[in-house]
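Engineer: Need a 3D model of the sequence below.
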Amino acid sequence: MRAAIPLPIPERLVRDARLYSARGHDLDAVCYVLDDYGRLVAELRQLRRRVAELDQEGAELDSLLDELRQIARRVLEL
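Structural biologist: Residues are numbered from 1 along each chain as shown. Model prediction:
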């Protein structure tokens, strides 16, 4: 294992890391957040893709609903 690299991390970031990770020690908390960062980014990308898919599906459903309304109006006119 490599030797630790001293980094001046702002206190507010360490506090946030402690809150996010629920770890007692500052180093453990910061390491947990850094380790978890990649997973969080990947999940966020998946969620953005899914939201885009849902938007597309919603637009398609709106189009189908408009078509069904037009068909219903034609049937009522018969």
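Engineer: Can you mark which positions in the lowest-mean-pLDDT helix or strand in the chain are buried?
Structural biologist: Least confident helix or strand of the chain, by mean pLDDT, DSSP states H and E, is helix 11-21 with a mean of 93. By neighbour count on 16 or more other C-beta atoms under 10 Å, the buried set for helix 11-21 is 17-18, 21. From N, CA and C alone the C-beta is placed, and that goes for glycine too.
Engineer: what distance separates that helix from the centre of its chain?
Structural biologist: Computed by C-alpha atoms, centre = their mean, to the nearest Å, the chain-centroid distance of helix 11-21 equals 20 Å.
Engineer: Show me what it is packed up against.
Structural biologist: For helix 11-21, the packing partners by 3 or more C-beta pairs under 8 Å, 6 or more residues apart in numbering; DSSP states H and E come out as helix 26-77.
Engineer: Next, the angle helix 11-21 makes with the helix it packs on.
Structural biologist: 60 degrees (axes from the mean of the first three to the mean of the last three C-alpha atoms, to 10 degrees).
Engineer: quick one: contacts for Arg74?
Structural biologist: Contact analysis of Arg74 by C-beta atoms under 8 Å, 6 or more residues apart in numbering lists nothing.
Engineer: Now do it against Leu64, distance only.
Structural biologist: Per C-beta to C-beta, to the nearest Å, Arg74 is found 16 Å from Leu64.
Engineer: In the chain, which residue is most central in space?
Structural biologist: Leu44 (3.1 Å; C-alpha atoms, centre = their mean).
Engineer: Pretty sure Ser9 sits against Val30.
Structural biologist: For the record, residue 9 is Ile, not Ser. Yes: with contacts counted by C-beta atoms under 8 Å, Ile9 reaches Val30, the gap being 6.4 Å.
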